[in-house]
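Engineer: return atomic coordinates for the entry below.
(2 chains)
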Amino acid sequence: MLHFQNVSKAYQKANIKAVNALTLEVKGGEIFGFLGPNGAGKTTSIKMVVGLLRQDQGSITVNGHDTLEAPLKAKASIGFVPDNPDLYDKLTGMEYINFIADIYKVDSLSRQRRLERLVNIFEIGNAMGDLIGSFSHGMKQKLALTAALVHEPPLLILDEPMVGLDPRSAHLFKELMNEHCSQGKTVFFSTHILDVAERLCHRVGIIKKGQLIACGTMEELRQTSSPGSSLESIFLELTKQ
Amino acid sequence: MNELLSLFRLSLNSYFGLTALRIKYLHKREKLWEPMLVLLGVVAGGMSFGSMFYFLALTMAQGAHMVGQADFVLTQFIMLAQIMAFTFGLFAMISIFYFSNDLDILVPLPLKAWQILATKFSLVNIVEYAPVIVILMPTLIAYNQVVTLGLGGWFTAAATMLFLPTIPLALAGILAVTVMRGVNRRHRDILMVIASLVLLGIIFYLQYHFTASMTGQIAAEDLIMNRIDFVEVVGAAFPPAIWATRSIAAHGTTEGLEALALLILSSGAAVSAFMVVGQRVFYGGLVGGNEKSRRRTLFTKEVLSRQAVRRSALSALLRRELKLFMRMPIWVMNGFLGVILFPLMAFFPTFFGAQGTGLRQLAVVAQTHPDGLAMATLIVAAAIVFVTSINTLASTAISREGKHLWISKTLPVSAKEQVWSKLIFALAAALPSGLPLVGVYAFIFQPGAAHLITALTLGIAAGLTPQVLGLWFDIWRPFLTWTNPQHAVKNNLNAVSPMLFGAALGLLSFLAYRELMPHGTWLTLLVLLFAHAGLALLSITLLLGRAESLYSRLEVKG
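Structural biologist: Residues are numbered from 1 along each chain as shown, chains lettered A, B, ... in the order given. Model prediction:
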């Protein structure tokens, strides 16, 4: 579903590569957790997948479409929530969701059915007629998640999706991610909450200084560390200086 | 006092981005051509406006000096500078108190309300010295050629100029924070509309005031016999302009010193009044502004089936552009006000003024001269290009997206279609701005259908290319890091790019006009029309063809 092949990215005039020869395969029906310390290259990698940055070398394919050669087909397969959901303050929640649904060509009946469900799950129905500028951070996060799910994308890409969600919404969202995967779709998300990653993800990848230093299921990762260790101790062991 | 100084230094740094400029241009030495270009633009703009004010002031001063009334020129331009300070200051005050992000940081700090008020007031006061200097320095140079000022006079003039924007700004500040008190964040856009209406009212009052004074409301005999003091007549509406005039004109005398003292004391009183009003209403307004009002629409199946209806991608993009633009009054006023103002400013004095003045007089000349109407048609077309070019819709289309650009970049819609939607929206809003001008042309000149259609089509065709190039420039080099919406258009060099492209095209058109006119009037007009239409078509085709590569260069790093 998502394939990085030897992808590198350096920011202009920087000597250090933000992402360095990243090769990674995420399969359909998988929840993949992308972990790493601050500045490791998680957000840069995600931005390259969704088209916000261009890689300097290597290729990224989404649902079989190369992100540089067929960017629109690749984007059509993605639902994306960034780490800081800056949405249009001067649109109402409903106007924003309608805009996204129009762009992703969601027909009226499907969007009504999906919206009814998602809006009830995130309990944002009463705010849908308000300007997004009046929303709290958590409300914006919920709206961004609704927008990312309204076209039922084969690949859901989330950068720190739990930040700002109240415990109930976070719980419901985790259930949504599981449900998404049970339909054969994929979730690729970055997080610093290692407990969530440990309990939720089928596989995790750990990136440090732009390079993938570990990748696999929890069992596979434990084999590189002491038996029975938690993801937190594995992470701390792998990412220490 | 130390904390006030620290706050002022920090605010000054943040407002003008001094640290960022220092790092970029002095430490990293990146894009050094940018400050050069800005400096060049400031010098060119200052010189052109300055020379305009100089020649206007010199002509008026020489004429007035003959009847011993040269001082009134100072009053006239001091009033103009103060009105500019008030109108620009009103927007700046609203922006700095109402739209800046730093209040969320400053209010929780252990600072007194007056310290925040004083700092913000001082910042706007510093900014408003620019129009005061641009208007008054050339005026003083012209005045000095008629009535020698001397060293003492220049010194007094400098001291006077320091206090000129203060009273207008204090009044603008009182108006801004008072309205702020009654308007919560949801409705704060209304504040900008009110401010714009005040601005319009002032401009029309000025039009009327100047038209009335020019068309001779005062008997010439009274003026020549010095039975009427023109300084008092012109400055009657705003006495501080009289005190400022007297302090410069009568420098070194008791009358001059009294006038300067009166100006300084009244400035102090105005600032104190602003502080008192500001302290009483500022925090209340701020808390009111942070309260969120909700409509609490029930999210029912009926609402869903009515609102969640599919539209095409292009329609969705256009609706987004329209809503985001229209719901940001700062953008509407910056982008649109000139479109309405300039035709009205041309129309009102002629319509309400005396017969045989202004455009009516020109109309008589145009109808009697053989090439008069062709020339008038070209001038109207050029005016259409001007009002189209001052519209900032196209030239800030990408910049206005700011931190939201990530949304556009991740949409599965081609760059060509996105650029096309921005172009359609900008052109649909900018091009009809020619209609009021053609209306004024039809009403006053009565040139006939052929000339009217030619003026409109030529104006629209010639106005297209600067818009397209402006959008191109903004995609190539967008200003995305603005912190408040006013910065997105006011501090954005891209906003003036259509004016530069329009001026270049205007010059080329004028040269072509001179070459072609000997071959016939209509041939000239038609060649210009088809040349501009062809150029517009070519520029649109090239922009859409390059859209993908231009868009792919835009990276969202932050």
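
Engineer: so where's the stretch 201-350 of chain B uncertain?
Structural biologist: B:202-236, B:283-298, B:334-350 (pLDDT under 70).

Engineer: in it, which spans are helices?
Structural biologist: In the stretch 201-350 of chain B, helices defined by DSSP state H, counting those that start in this stretch lie at B:220-224, B:230-235, B:239-249, B:254-290, B:301-307, B:313-326, B:329-352, listed in chain order.

Engineer: for chain A, same thing?
Structural biologist: Per DSSP state H, chain A has helices spanning A:42-50, A:71-76, A:93-103, A:108-122, A:137-149, A:167-182, A:194-200, A:218-224, A:231-239. These are given in chain order.

Engineer: got the CA positions of the shortest one in PDB?
Structural biologist: It stands for helix A:71-76. Only the C-alpha atoms of helix A:71-76 are listed here, as PDB (Å, rounded to 0.1, in the frame of the first residue of the first chain):
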ATOM      1  CA  PRO A  71       0.600  12.500  -7.700                       C
ATOM      2  CA  LEU A  72      -3.200  13.000  -8.100                       C
ATOM      3  CA  LYS A  73      -3.900   9.200  -8.100                       C
ATOM      4  CA  ALA A  74      -1.600   8.800  -5.100                       C
ATOM      5  CA  LYS A  75      -3.300  11.700  -3.300                       C
ATOM      6  CA  ALA A  76      -6.800  10.300  -4.100                       C
END
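
Engineer: tell me if that helix is near chain B.
Structural biologist: Yes - contact check for helix A:71-76 against chain B, using C-beta under 8 Å from any C-beta of the partner chain: residues in range are A:Leu72, A:Lys73, A:Lys75, A:Ala76. Just so you know, the C-beta spots here come from the backbone N, C-alpha and C atoms, and that holds for glycine as well.

Engineer: burial of the last one, as a residue count?
Structural biologist: Other residues near A:Ala76 number 20, with proximity taken as other C-beta atoms under 10 Å in any protein chain shown.

Engineer: now do the first one
Structural biologist: Look at A:Leu72: counted by other C-beta under 10 Å, it has 14 neighbours.

Engineer: okay, now the domains of chain A?
Structural biologist: Domains of chain A are assigned by automatic domain parsing as A:1-77+A:155-241, A:85-152.

Engineer: using TSV, lay out those together with mean pLDDT and distance to B:Val385.
Structural biologist: Below are the domains of chain A laid out as TSV (pLDDT from 0 to 100; distance: least, C-beta to C-beta, whole Å):
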stretch	mean pLDDT	distance to B:Val385
domain A:1-77+A:155-241	88	36
domain A:85-152	90	31
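
Engineer: got these as CSV, with distance to B:Arg306 columns?
Structural biologist: Putting the domains of chain A into CSV (distance: least, C-beta to C-beta, whole Å) gives the following:
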stretch, distance to B:Arg306
domain A:1-77+A:155-241, 26
domain A:85-152, 10
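
Engineer: circling back to that earlier point, figure out which of the helices of chain A is closest to B:Lys120.
Structural biologist: Between B:Lys120 and those, the shortest gap by C-beta to C-beta is with helix A:137-149, which sits at 26.9 Å.

Engineer: the closest one relative to helix A:167-182, how many degrees between them?
Structural biologist: Angle, helix A:137-149 to helix A:167-182, by axes from the mean of the first three to the mean of the last three C-alpha atoms, to 10 degrees: 10 degrees.

Engineer: residues contacting helix A:137-149, please?
Structural biologist: Contacts made with helix A:137-149 from outside it, assessed by C-beta atoms under 8 Å, 6 or more residues apart in numbering or on different chains, are listed as A:79-82, A:85, A:87, A:93, A:96-97, A:100, A:114-115, A:118-119, A:122-124, A:127, A:132, A:135, A:156, A:158, A:161, A:163-166, A:169, A:173, A:176, A:180.

Engineer: neighbours of A:Ile46, how many?
Structural biologist: Per other C-beta under 10 Å, the neighbour tally for A:Ile46 reads 22.

Engineer: I figured it was touching A:Pro161, is that so?
Structural biologist: No - A:Ile46 is beyond contact range of A:Pro161, at 11.4 Å (criterion: C-beta atoms under 8 Å).

Engineer: low pLDDT regions in the stretch 1-150 of chain B?
Structural biologist: Looking at the stretch 1-150 of chain B by pLDDT under 70, you get B:1, B:101.

Engineer: what parts of it come near chain A?
Structural biologist: For the stretch 1-150 of chain B, there are no residues in contact with chain A under the definition C-beta under 8 Å from any C-beta.

Engineer: where along the stretch 1-150 of chain B do the helices fall?
Structural biologist: With DSSP H, counting those that start in this stretch as the definition, the stretch 1-150 of chain B shows helices at residue ranges B:2-16, B:18-21, B:33-66, B:71-94, B:103-106, B:113-127, B:129-146, B:150-163.

Engineer: CA atoms only: put the last one into PDB for me.
Structural biologist: Read that as helix B:150-163. The C-alpha atoms that make up helix B:150-163 are tabulated as PDB, following Å, rounded to 0.1, in the frame of the first residue of the first chain:
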ATOM      1  CA  GLY B 150      16.000  79.300   8.400                       C
ATOM      2  CA  LEU B 151      17.600  76.800  10.800                       C
ATOM      3  CA  GLY B 152      15.200  77.600  13.600                       C
ATOM      4  CA  GLY B 153      12.300  77.100  11.300                       C
ATOM      5  CA  TRP B 154      13.500  73.700  10.100                       C
ATOM      6  CA  PHE B 155      14.200  72.700  13.800                       C
ATOM      7  CA  THR B 156      10.700  73.800  14.800                       C
ATOM      8  CA  ALA B 157       9.200  72.000  11.700                       C
ATOM      9  CA  ALA B 158      11.000  68.800  12.800                       C
ATOM     10  CA  ALA B 159       9.600  69.100  16.300                       C
ATOM     11  CA  THR B 160       6.100  69.800  15.000                       C
ATOM     12  CA  MET B 161       6.200  66.800  12.700                       C
ATOM     13  CA  LEU B 162       7.000  64.500  15.700                       C
ATOM     14  CA  PHE B 163       3.600  65.400  17.100                       C
END
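
Engineer: who are the contact partners of the residue lying closest to A:Lys73 once chain neighbours are set aside?
Structural biologist: Counting by C-beta to C-beta, 6 or more residues apart in numbering or on different chains, A:His65 is the residue found nearest to A:Lys73 once chain neighbours are left out, at 4.1 Å. By C-beta under 8 Å, 6+ apart, the residues touching A:His65 are A:Lys73, A:Ala74, A:Ser77.
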